[in-house]
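Novice: following is a predicted model, sequence given first.
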Amino acid sequence: MAPTIWPFPMSMIETQKSSARAAPQGKTPPHGFSIRSVARGRTSGIGPARAMTSSRPVRQMGSSALVPRTASAYGARSVAGSRGGGRRVVSHSPVARRGGPRLSLGFGFKPDNSEQIRHARKLLFLDVDGVLNTEYCRPRDAIHSKLLKRLGEVVHYSGTKIILSSTWRLHPQYRMKLLSRLESVGVDRLAVLDDTPQLPLKMGRWPPAESNRAEEIAEWIRTANVRPDLIWVAVDDLDVMNSPHAPLFDGHFVRTSRESGLSAECQAQLFRILGPR
């Protein structure tokens, strides 16, 4: 049998084991990492519970590296429902676009797309509800094949990359469903470079949903390192022009409707704004 090669000193493992035995029940060992099932080669969790608003360490699926317990410093949030009763970690922080560690969907570290974003010539901020489906679709989380095909044609024609602005980005199961459906029309999931940040809803003189969506897109553009000649467009059924950020979206916005989604007319507008490859 080949000897086991540990990615960290054995003294560290013994220290962590002894700390775990010494810690009171329900407490996290007072170290920077939480080691679980090291002897079986299982992945490690993130602690303490206070940082992730969870009573259990967060499982990092698909990663063999130790993960710092300061995931909250990168804007990560925990999402209930991962396999085995753990919690997943999702990052929507602009910090991730500046080269910090990115935790996403509970499948380990997400690739750092900062270079792809910096060199991207075209970006499309994509909403899903009211764009790739309509209010008549059943179930409500369905994606209409005809509307999806139109989006695929836009991506292939223009060579644009995608930034998710839809609330689907906040739910791992919906996000994975969207990426899978995009691949069915020939759009590689790697074309989806990033998500807009999740900002709190503000009540005021502007419609809250429209204002919030516009602010999230505006914040992404403000914090991301993009080309000065970037060509971009947002497609959404929410009227982001009815917000304080209306000047930013002038000439960069295609509005769909909940009744028809991404219609042929909306597709033609996207063709016109993004242009050919």
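Specialist: Arrived safely, thanks for sending.
Novice: OK, contacts around the spatially closest residue to residue 164 that is not a sequence neighbour?
Specialist: Using C-beta to C-beta, 6 or more residues apart in numbering and skipping residues adjacent in sequence, the residue nearest residue 164 is residue 195, 4.7 Å away. Where C-beta positions appear, they are placed from N, C-alpha and C, glycine not excepted. Listed by C-beta atoms under 8 Å, 6 or more residues apart in numbering, the contact set of residue 195 reads 92, 163-165, 169.
Novice: residue 195 and residue 154: what is the separation?
Specialist: Distance, residue 195 to residue 154, by C-beta to C-beta, to the nearest Å: 19 Å.
Novice: re earlier: scan the contacts of residue 195 and report the most crowded one.
Specialist: The residue in the contacts of residue 195 with the most neighbours, by other C-beta atoms under 10 Å, is residue 165 (25 neighbours).
Novice: residue boundaries of the helices in the stretch 51-200 of the chain?
Specialist: Ranges of helices within the stretch 51-200 of the chain are 114-119, 145-158, 172-184, based on DSSP state H, counting those that start in this stretch.
Novice: show the average pLDDT along the second one.
Specialist: Mean pLDDT, taken over the full extent of helix 145-158, equals 98.
Novice: buried stuff in that helix?
Specialist: The neighbour-count check on helix 145-158 (16 or more other C-beta atoms under 10 Å) flags 147-148, 150-152, 154-155, 158 as buried.
Novice: with the last one instead?
Specialist: Using 16+ other C-beta under 10 Å as the burial criterion, the residues of helix 172-184 that qualify are 172, 174-175, 177-179, 181-182.
Novice: ok so, going back, how about TSV for the buried residues of helix 145-158, with distance to residue 122 added?
Specialist: Shown next, in TSV, are the buried residues of helix 145-158 (distance: C-beta to C-beta, whole Å):
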residue	distance to residue 122
147	20
148	19
150	17
151	14
152	15
154	10
155	10
158	6
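Novice: got the CA positions of the longest helix anywhere in the chain in CSV?
Specialist: In the chain, assigned by DSSP state H, the helix with the most residues is helix 208-223. C-alpha atoms of helix 208-223 as CSV (Å, rounded to 0.1, in the frame of the first residue of the first chain):
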residue,chain,number,x,y,z
PRO,A,208,-38.5,49.0,-5.0
ALA,A,209,-38.1,45.9,-7.3
GLU,A,210,-37.1,48.0,-10.4
SER,A,211,-34.8,50.3,-8.4
ASN,A,212,-33.1,47.3,-6.6
ARG,A,213,-32.4,45.5,-9.9
ALA,A,214,-31.0,48.7,-11.5
GLU,A,215,-28.8,49.4,-8.4
GLU,A,216,-27.4,45.8,-8.4
ILE,A,217,-26.4,46.1,-12.1
ALA,A,218,-25.0,49.6,-11.6
GLU,A,219,-23.0,48.4,-8.6
TRP,A,220,-21.5,45.5,-10.5
ILE,A,221,-20.5,47.9,-13.3
ARG,A,222,-19.0,50.4,-10.8
THR,A,223,-16.9,47.8,-9.0
